[in-house]
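Peer 1: Test case, fold it:
(2 chains)
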Amino acid sequence: MAALGESFGRGSMTNHYCDLKNADVILIMGSNAAEHHPIAFKWILRAKEKGAAIIHVDPRYTRTSARCDFHVPLRSGTDIAFLGGMINYIMENNKYFKDYVLNYTNASFIVDGGFYFKDGLFSGYDAKNRKYDKGTWTFEKDSDGVPRRDMTLQHPRSVFQLLKKHYSRYTLDKVSSITGVSKENLLKVYEIYSATGVPDKAGTECYALGWTHHTVGSQNIRTMAIIQLLLGNMGIAGGGINALRGEPNVQGSTDHCILYGNLPGYLKMPVSSLDSLDKYLKKCTPVSNDPQSANYYANYPKFFVSFLKSLWNDKATKDNEFGYDWLPKMDDGKAYSTMHMFDAMYDGKVKGYFCVGADTALSTPNSNKVRKAMENLDWLVGENIFNNETYEFWRGPGVDPTKIKTECFLLPASASMEKEGSQSNSGRWVQWKYKAAEASGDAIPVGEIEIKIMAEVKKLYEKEGGPGAEAIVNLKWDYLDRKGRMDVLKVAQQINGHFTQDLVVDGKTIKKGSLCPTFGMLKDDGSTACGNWIMSGSFGADGENRMMRRGKEDPTGLGLFPNWSFAWPVNRRVIYNRASCDVNGKPYNPQRKLLEWTGDKWVGDVPDGPWPPMADKEKGKYPFIMKQDGVASLFGPGMAEGPFSEHYEPLESPLEKNPMSSQRTNPAIEIFKGEMDVFASASEKFPYVCTTYSCTEHWCTGALTRWQAWLLEAMPELYVEIGEKLAKEKGIKNGERIKVISARGEAPCVAMVTKRFKPFQVEGKTVHQVGMPFNYGWLYPEKGKGGDSTNRLTPTVGCPNTFCPEYKAFMVNVVKL
Amino acid sequence: MSKPELIKLIDTTLCTACRGCQVACKQWNEMPGLRTKQWGSYQNPPDLQWNTWTLIRFQEYEASNGDFKWLFRKDGCMHCADAACVKVCPSGALYHTEFGTVGLHSSLCIGCKACIAACPFDTPRYNPQTDKILKCDLCYDRLKNDELPTCVKSCPTGALTIGRKEDMITKAYSRVRELGGDANVYGDKFVGGTHVLYVLDEKPEVYDKLPEKPRVPLTIIAWKDWLKPLSLLAAGGVIVGSFFHYIIHGPKDTSGGDQANQGGGE
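Peer 2: Have a look, this model is predicted:
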């Protein structure tokens, strides 16, 4: 999400499932799509049937590999090296789409003279705090404050030349030696994929947790973003970077701010130094002096003030800065991810814990630490369909219940089929769904539980007061219907937004209380309230719930299905779609015409901005309207560890040195220093790379699926996949019970000896890799018969941009029992 | 309305081994999930069993040229036209349906297991608790109601499809032509043609537990195709003889036995 936002302007899947059928080449890397996104994979197979090349790059040969044209194994944690080599190949062989690169990216921008990259570090590194001062990661500007450009792309400090130089270090020999991929395989992928750098070909990339679960997670995606921009694959049918999101509803939950640094609609959570609304808005609202840059986030104050109005309604006024003071603030420079939360809990700083729809005692890295941390809690509240290992931590393996003081509650929640509401899929389609069955027993929707708890809290504050009482007492909190149940429609309408007073717009009177049909009508003066600006338009002004739409028309034949549900933003199916046309608005590929400028309007998909194409110097705008400069970022200064990506070894790796530089690991990662946060890199005790994943048959920690007898029958217990060669060396037989150990813990399991893991040749030595699913827990199958969490092995470390943990590359040993 | 003869096509080149079919089959047919062990394979239960009428077989295959493939094959009843199981079934529990598939009247099954020995594909399974045979009936109840078999319904990739016999045979062969190489159609050339066809990526002999040349066992052919007609002929002979005996000798004294019945008895 961080990388996509930085590169293109929005942190989401750029295209959508059905659009995968339009691709000429599909690179599946960082994803096991067939196993985890079977429906997305249907569309991938459709592309294949039409002759598209499907490539799978993954440490392990999986069910996805079996259906691709070919599989290329690479060592876990070396994706940037692999893709860096591809960038080098594209630049060396002039495979980039010049027209696109020149007009739609910041390739021609001139970078500040103080910027440099040296031996693995960019300018401005502060080793003590493991952070960068980004003062030199900026562009030169002319007297009008517009970034200077060199349209010949020859300036030595142009982004284009800096990029070329940076990635020229990723030679075939170097990349092959780091990744363990043969040069022949590297060239094969590079050639096939870079052939899409022409106007009439589309290449797309599908990734998932295989890229995000790394200390360099965001930069993995950034590297691909650079490739897609060089090849002109963004904003086109069959192109894009498609972050496949599955049932955990990553798309919906990030849209609605599950991440600690976000408010709904990707608005930013304020920090304490921004102590007035003015300061905050100034910080968050980008300014562009380029008249051709739409700089759509200039509207930030409208989205934000409308959000404050949705929280506090009449109580939020201009005089009290719409209640900005009441909004909680984060400490400057502090992070609040799950890993940080458990670290604080381990230190005894967190006393109470709401664990909703999650099983963190299994799912969070270093689960031995997590379980220990929970022993410090005074109280724990669970909300879930089933009981799980987190709610039962007090009687988990090795825990003496008599020593645990925590008071635990488990509130029964209804399942997704037992409630009505909206559900967002990976392609940003927000689809209304209906209740199919009544929940059993006392179970109610999680939303209703929250509404009821908060109502009680509000009453208590009204009666007793307390610190920050205003924020709670003034809250608009009327989301129950007359029967005392959650009024889902009312919540959805609050999210969509409405007018808080009578208004006259374009001569038409809009009545107070009527729904806002688009975020284009939101205001920063308190006359609109909107819970999540990107969802504005999910209802029409007439009250139509567009999420309920089920029209199957497909006028373009590209699978856009514009009348099926609502896609944010404003029902646009492929974002950045104006980049599918040249500067005059003519489609680059007339065979797959997503959009076309007819002289006075755009025809096709909902255009990404109504303005004419950029050749119109007066009214025209650049296509990446959510970026300050209107163009996509080859140079991305918003990232924590550098505007270009760079290969760093995982925190635990088989190598003592990073072959690319003397900077072994990502310089911006936070190292947790608790006594249970131990690491062992390049250690003889833990010589094998381990990666973790899910399987088709189970969902996440298995907290829902292990109770399902048919699924448990198909995948009954924890296993480790081991290559035949390693198994032979260790004398391990297929089906034998063994254990996998890391510096942090051990996991007894069954050995699955397979041809699907092959050893890698890395820096002149043989490196074995093994892999384990993370779908098992001690509670069920009973008595730990199915094994316990694989995260007893994983390290507490993650990507510095998102703090998404490193589940995919760490070091272990495999031991016979 | 007459029902068409149907064929279910399993295109192994589109299968992702998600096992949606394996689970959907249990759901529709109300078969329980049983406790299994991880035995070093994704394939679980390890084989077809009384509660598992269809199973994805996972096979790691290295071709002679070193190319590696992970082969997935959905195993289950092939619904033979010349079905050995129907031939040997003494109680009429196994029968040919109007769709050409092989149905099972569970209430008639006497648990004799003759079909297990007879089936060239090793499909029927015995449940000792109920003393019955169980196997796929291609969702006969669903077909009768113009619904897809549940495995086909659950398949996300189009690896499983069903349709009129002639259409599916055409589809299978055109798919094989498109695939080229060793791709082949499996099922139409033996046991009278099966009502489940495979499009295989590799030659049949490559696949585990897939008979290269399946056929109805000779003993069954001997018994059921030759000796049974003979016995009928014998029985018929007795009837004809009795008739002439009657013509010639007139009605027998009622104190005698019923020779015709005895002669024709099976």
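Peer 1: number of nearby residues for the residue in the stretch 1-150 of chain B that chain A sits nearest to?
Peer 2: At 3.0 Å from chain A, B:Gly33 is the closest residue in the stretch 1-150 of chain B, using C-beta to the nearest C-beta. C-betas here are computed from N, CA, C, even on glycine. Number of residues near B:Gly33 (other C-beta atoms under 10 Å in any protein chain shown) recorded here: 19.
Peer 1: can you map out the strands along the stretch 51-200 of chain B?
Peer 2: For the stretch 51-200 of chain B, the strands defined by DSSP state E, counting those that start in this stretch occupy B:55-62, B:68-75, B:94-96, B:102-104, B:125-127, B:132-134, B:160-164, B:184-186, B:196-200.
Peer 1: possible to save these as CSV with mean pLDDT and distance to A:Phe624?
Peer 2: Below are the strands of the stretch 51-200 of chain B laid out as CSV (pLDDT from 0 to 100; distance: least, C-beta to C-beta, whole Å):
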stretch, mean pLDDT, distance to A:Phe624
strand B:55-62, 98, 45
strand B:68-75, 98, 41
strand B:94-96, 98, 64
strand B:102-104, 98, 61
strand B:125-127, 98, 60
strand B:132-134, 98, 60
strand B:160-164, 98, 43
strand B:184-186, 98, 50
strand B:196-200, 98, 45
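Peer 1: now the residue of the stretch 1-150 of chain B closest to chain A: how far from A:Ala714?
Peer 2: Distance from B:Gly33 to A:Ala714, counting by C-beta to C-beta, to the nearest Å: 8 Å.
Peer 1: Also A:Pro365?
Peer 2: In terms of C-beta to C-beta, A:Pro365 sits 27 Å off from A:Ala714.
Peer 1: do the same with A:Glu649
Peer 2: Taking C-beta to C-beta, one finds A:Glu649 at 36 Å from A:Ala714.
Peer 1: repeat for A:Tyr89
Peer 2: The spacing between A:Tyr89 and A:Ala714, counted by C-beta to C-beta, is 42 Å.
Peer 1: What of A:Ser527?
Peer 2: 56 Å.
Peer 1: Have a look at these two and say which one is more surrounded.
Peer 2: Under the neighbour definition other C-beta under 10 Å, A:Ser527 and A:Ala714 were set side by side, and A:Ala714 has more, 26 against 18.
Peer 1: Pull out the buried residues from the helix or strand A:Lys283 falls within.
Peer 2: Element membership for A:Lys283, per DSSP states H and E: helix A:277-284. Using 16 or more other C-beta atoms under 10 Å in any protein chain shown as the test for burial, helix A:277-284 gives A:Leu277, A:Tyr280, A:Leu281, A:Cys284.
Peer 1: can you pull the alpha-carbon coordinates of it into CSV?
Peer 2: C-alpha atoms of helix A:277-284 as CSV (Å, rounded to 0.1, in the frame of the first residue of the first chain):
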residue,chain,number,x,y,z
LEU,A,277,-6.2,22.1,12.5
ASP,A,278,-4.3,24.7,10.4
LYS,A,279,-0.9,23.1,11.0
TYR,A,280,-2.3,19.7,10.3
LEU,A,281,-4.0,20.7,7.0
LYS,A,282,-0.9,22.6,5.9
LYS,A,283,1.3,19.5,6.5
CYS,A,284,-1.1,17.1,4.7
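Peer 1: helices or strands up against that helix?
Peer 2: Applying 3 or more C-beta pairs under 8 Å, 6 or more residues apart in numbering or on different chains; DSSP states H and E, we find helix A:277-284 packed against helix A:300-312.
Peer 1: What residues sit buried inside the helix or strand just after the helix it packs on?
Peer 2: From helix A:300-312 onward toward the C-terminus, using DSSP H and E, the following helix or strand is helix A:338-346. The neighbour-count check on helix A:338-346 (16+ other C-beta under 10 Å) flags A:Thr338, A:Met339, A:His340, A:Met341, A:Phe342, A:Asp343, A:Met345, A:Tyr346 as buried.
Peer 1: Might you report the residue contacts of the fifth one?
Peer 2: When contacts are counted by C-beta atoms under 8 Å, 6 or more residues apart in numbering or on different chains, A:Phe342 touches A:Thr360, A:Thr364, A:Lys369, A:Val370, A:Ala373, A:Thr796.
Peer 1: Tell me, how many residues neighbour the residue nearest to the third one when sequence neighbours are not counted?
Peer 2: What that stands for is A:Lys369. Nearest non-adjacent residue to A:Lys369, counting by C-beta to C-beta, 6 or more residues apart in numbering or on different chains: A:Met676, 4.1 Å away. Residues contacting A:Met676 under the criterion other C-beta under 10 Å number 16.
Peer 1: what do you get for the one 3 residues further on?
Peer 2: Using other C-beta under 10 Å, A:Phe679 is surrounded by 19 other residues.
Peer 1: Check B:Thr16 too.
Peer 2: B:Thr16 has 26 neighbours, counted by other C-beta under 10 Å.
Peer 1: do B:Asn65 as well
Peer 2: Using other C-beta under 10 Å, B:Asn65 is surrounded by 5 other residues.
Peer 1: same check, this time on A:Asp144
Peer 2: Neighbour tally, A:Asp144, other C-beta under 10 Å: 8.
Peer 1: I'd like the distance between it and chain B.
Peer 2: Separation of A:Asp144 from chain B (C-beta to the nearest C-beta, to the nearest Å): 54 Å.
Peer 1: same deal with A:Leu274?
Peer 2: Relative to chain B, A:Leu274 is positioned 48 Å away (criterion: C-beta to the nearest C-beta).
Peer 1: quick one: contacts for the closest residue to the residue of the stretch 1-150 of chain B closest to chain A other than its chain neighbours?
Peer 2: Leaving aside its sequence neighbours, B:Gly33 sits nearest to A:Ala709 (C-beta to C-beta, 6+ apart; 3.0 Å). Each residue near A:Ala709 by C-beta under 8 Å, 6+ apart is listed here: B:Pro32, B:Gly33, B:Leu34.
Peer 1: The last one looks like it's in a strand, true?
Peer 2: No - assessed by DSSP: H, G, I helix; E, B strand; the rest coil, B:Leu34 does not belong to a strand; its assignment is coil.
Peer 1: What residues sit buried inside stretch A:765-780?
Peer 2: By 16+ other C-beta under 10 Å, the buried positions in stretch A:765-780 come out as A:767-780.
Peer 1: Identify, from these, the entry nearest to A:Asn563.
Peer 2: Nearest to A:Asn563 among the buried residues of stretch A:765-780, counting by C-beta to C-beta, is A:Asn775 at 38.0 Å.
Peer 1: was I right about that closest one contacting A:Gly702?
Peer 2: Yes - contact status for A:Asn775 versus A:Gly702: in contact at 3.9 Å, counting by C-beta atoms under 8 Å.
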